[in-house]
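Undergrad: Predicted model, plus sequence, below.
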Amino acid sequence: DAKTTQPPSMDCAEGRAANLPCNHSTISGNEYVYWYRQIHSQGPQYIIHGLKNNETNEMASLIITEDRKSSTLILPHATLRDTAVYYCIVRVRDNDMRFGAGTRLTVKP
Amino acid sequence: DAMVIQNPRYQVTQFGKPVTLSCSQTLNHNVMYWYQQKSSQAPKLLFHYYDKDFNNEADTPDNFQSRRPNTSFCFLDIRSPGLGDAAMYLCATSRAIRSGGSYEQYFGPGTRLTVT
């Protein structure tokens, strides 16, 4: 019953922007979109989240479409250390965070 | 400073021998989660505690149990580990999410369980 759809893998050149898409067409009005990443053999790391408006922090930007059915995570200047699996999550219900399959991003020199 | 601590980082147990994994947090968060992550798969939510309120996922096997004696600690008990239970077990915490709210999760480094 995954609520998000992501491409299984993407490549990005070092120094270029990485744009990771996520579809969440069944999202409800009060559900937030969260992004996490997991570097090999480590615990997932929170990146950013949003409801309606675009968000930016020191790690990334989150662009949410006006109808909220999809979003894009942007890493503005990807480095080799950004190679990881990126997960887009829409919370199923309060305090219930389930991960989808994620996108494996490989940043290449 | 470590905020979500999992011990041990690596655990080896024998088939059928009970094992307990531990998680502690310094964040004073209401909610603690346990996830199972098998090789090349996404983390799978097993259950979570909201304060003392235990919330089990429908497809979590009865072999997996949990205890939360206080706010800071949470344990994962595997009563009779099988070979299929070999995985990384991740603990996470968050502030309690109420309708309309949003809080991120903080994850520990995980405990890698091997079953021999």
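TA: Received the coordinates, thanks. Numbering: from 1, shown residues only, chains lettered A, B, ... in the order given.
Undergrad: And the pLDDT for the residue of chain B found nearest chain A?
TA: Minimum separation of chain B from chain A (C-beta to the nearest C-beta) falls at B:F107, amounting to 3.4 Å. For every residue, glycine as well, the C-beta is placed using N, CA and C. At B:F107, the pLDDT value in this model is 95.
Undergrad: doesn't B:V4 make contact with it?
TA: Yes - contact criterion C-beta atoms under 8 Å: B:F107 and B:V4 qualify, at 6.2 Å.
Undergrad: hey, what's in contact with both of the two?
TA: Both B:F107 and B:V4 are in contact with A:43, B:91-92, where contact means C-beta atoms under 8 Å, 6 or more residues apart in numbering or on different chains.
Undergrad: Quick check: which ranges of chain A have low pLDDT?
TA: Flagging of chain A using pLDDT under 70 yields the residue ranges A:1-2, A:92-95.
Undergrad: Near chain B, which residues of it are found?
TA: Residues of chain A that fall close to chain B, judged by C-beta under 8 Å from any C-beta of the partner chain: A:30, A:32, A:34, A:36, A:38, A:41-46, A:49, A:51, A:85, A:87, A:91, A:94-102.
Undergrad: Name only those of these that count as buried.
TA: For the residues of chain A next to chain B, a neighbour count by 16 or more other C-beta atoms under 10 Å in any protein chain shown gives the buried set as A:32, A:34, A:36, A:38, A:43-46, A:49, A:85, A:87, A:91, A:95, A:97-102.
Undergrad: what's B:N30 in contact with, if anything?
TA: Contacts of B:N30 were listed using C-beta under 8 Å, 6+ apart, and they are B:50-51, B:71, B:94-96.
Undergrad: Looking at chain A, which residue is nearest chain B?
TA: Nearest residue of chain A to chain B: A:G43, at 3.4 Å (C-beta to the nearest C-beta).
Undergrad: Does that residue touch B:T93 like I think?
TA: No - applying C-beta under 8 Å, one finds A:G43 not in contact with B:T93, separated by 11.3 Å.
Undergrad: Please enumerate the shared neighbours of these two.
TA: Among the neighbours of A:G43, those also in contact with B:T93 (C-beta under 8 Å, 6+ apart) are B:V4.
Undergrad: so where does B:Q65 fall, helix or strand?
TA: strand B:64-67 (DSSP states H and E).
Undergrad: Any buried residues in that strand, and which?
TA: In terms of neighbour count (16+ other C-beta under 10 Å), strand B:64-67 has its buried residues at B:64-66.
Undergrad: Do the following helix or strand past that strand and chain A come into contact?
TA: Per DSSP H and E, strand B:64-67 leads on to strand B:73-78 as the next helix or strand towards the C-terminus. No - contact of strand B:73-78 with chain A (C-beta under 8 Å from any C-beta) is absent, the minimum separation being 13.9 Å.
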